[in-house]
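>>> Build the 3D model from these lines:
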Amino acid sequence: MPREIKKKTVAVLRGGKEDYHKSMKSGANIILSLFSFPEEISVIDVAIDEDGNWFERGIPSDTHKVFSQADYYIDLTKDYNGSHHNLSKKLNIKQILENDFHRVLSRVNVRRILDQLGYETPKYVVLRDSKNLENNLKILWSKFHMPVVIKEGDNTKKSKSLLTYSFLEAYKKIKEIVNSGGEAILEEHLEGEYISIAAIPNYRGEALYFSIPIETIHVSNSPRVVQGKTIKDKYLIDHNHHKRSLTHMDSSLKKKLKGIIEEIHTSLSLDHHIMLDLCLKKKDGEYNIKILELHTNPHLFDDSRFDFILRNSGIDMGKFILGRIENLEEGDKIY
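The predicted model follows:
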């Protein structure tokens, strides 16, 4: 039985310069969840505008004022190098959902690690140089089946992935990414069943709790038509997907998926919740599994895939955060 947690004050920082609206939405979802636990949690709602100004309930505030009241904080602003992190350490105000891993490894580096671990990923090529880009892409174009997927190598960027049959559309997208100093991934498009699973360390009495998998189903009223071919994008942000629980998935497949996510979590020495997006294709009674994405900082806004996974597994967001606080306090007792 979890030990009783004394009432704590949690500052939720949302907004900021990057993904302002998504950050505000994620923060609202977390705050509403925490309001369900008034005896355990007191919430400070901190909105940060795109100029970096802090507000509490519309009233100007600042880092010192917020952290003088808080026991913990959740930062949804993507301001990973902000001075408030240094102040929080000086005042011993811990970040509940802190995750240093995704600040270091890009989507490209994660893909390399997965390849080294022996996991199948989509066939891909990384493009970094704008010189001779058109000629290089023409050579690559003949080696990939259509359609192809173009992704930003840095998964913390706001750039949306592109699924296309068009050379010109792909070239423009890659050039845009490379010219901004980024790495572009040219990737094969996989046909199959798209699913997401999550792992949460030290939860529900397990060293690594494995969630019920979900299927992401694309539903679009206006699919794109490129060169006479209809595209129903699968590489879209969360709220463009319908999601379905896979409670009755074959037990041997569930066991295999659990083994994959456990090995990845252990191999990368993670102590944080993660989410995997995978593509399954069944042939002759056997499943071929390829890893599409590894998310070490999955979106927390209402009805995101990770939020759906939590609810689908019977985990309330507020309870999830209370569990994180309990883990942090247990760590303090140990050390």
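>>> got a list of what Asp115 touches?
By C-beta atoms under 8 Å, 6 or more residues apart in numbering, the residues touching Asp115 are Thr121. Just so you know, the C-beta spots here come from the backbone N, C-alpha and C atoms, and that holds for glycine as well.
>>> which parts of the host helix or strand of it are buried?
Secondary structure assignment for Asp115, by DSSP states H and E: helix 107-116. For helix 107-116, the buried set under the neighbour-count rule, 16 or more other C-beta atoms under 10 Å, comprises Arg107, Val108, Val110, Arg111, Leu114.
>>> for stretch 72-82, same thing?
Neighbour-count burial for stretch 72-82 [16+ other C-beta under 10 Å]: Tyr72, Tyr73, Ile74, Asp75, Leu76, Thr77, Lys78, Asp79, Gly82.
>>> tell me what the next helix or strand after the helix holding Asp115 is packed against?
Using DSSP H and E, the helix or strand that follows helix 107-116 towards the C-terminus is strand 124-127. Applying 3 or more C-beta pairs under 8 Å, 6 or more residues apart in numbering; DSSP states H and E, one finds that strand 124-127 makes contact with helix 133-141, strand 184-188.
>>> switch the cut-off to 7 Å
For strand 124-127, the elements it packs on are strand 184-188, judged by 3 or more C-beta pairs under 7 Å, 6 or more residues apart in numbering; DSSP states H and E.
>>> and the strand it packs on with helix 107-116, angle?
Strand 184-188 and helix 107-116 are oriented at 40 degrees to each other (axes from the mean of the first three to the mean of the last three C-alpha atoms, to 10 degrees).
>>> so how far is strand 184-188 off the chain centroid?
19 Å (C-alpha atoms, centre = their mean, to the nearest Å).
>>> And for that strand, what's in contact with it?
For strand 184-188, the external contacting residues (C-beta atoms under 7 Å, 6 or more residues apart in numbering) are 107-108, 122-127, 140, 144-145, 148-151, 153, 174, 177-178.
>>> Make a ChimeraX selection of the buried ones in these.
A single ChimeraX command selects the buried members of the contacts of strand 184-188 (16+ other C-beta under 10 Å):
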select :107,108,122,124,126,127,144,148,149,150,151,153,174,177,178
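>>> where does this structure have low pLDDT?
1-5, 98-105, 155-159, 218-223, 231-241, 301-303, 331-335 (pLDDT under 70).
>>> now, which of the buried residues of stretch 72-82 sits nearest Lys290?
Using C-beta to C-beta, the shortest approach to Lys290 within the buried residues of stretch 72-82 belongs to Lys78, at 28.5 Å.
>>> pretty sure the closest one contacts Glu18?
Yes: contact criterion C-beta atoms under 7 Å: Lys78 and Glu18 qualify, at 4.5 Å.
>>> Confirm that Leu276 lies within a helix, as I assumed.
No: checked against DSSP: H, G, I helix; E, B strand; the rest coil, Leu276 lies outside a helix; its state is strand.
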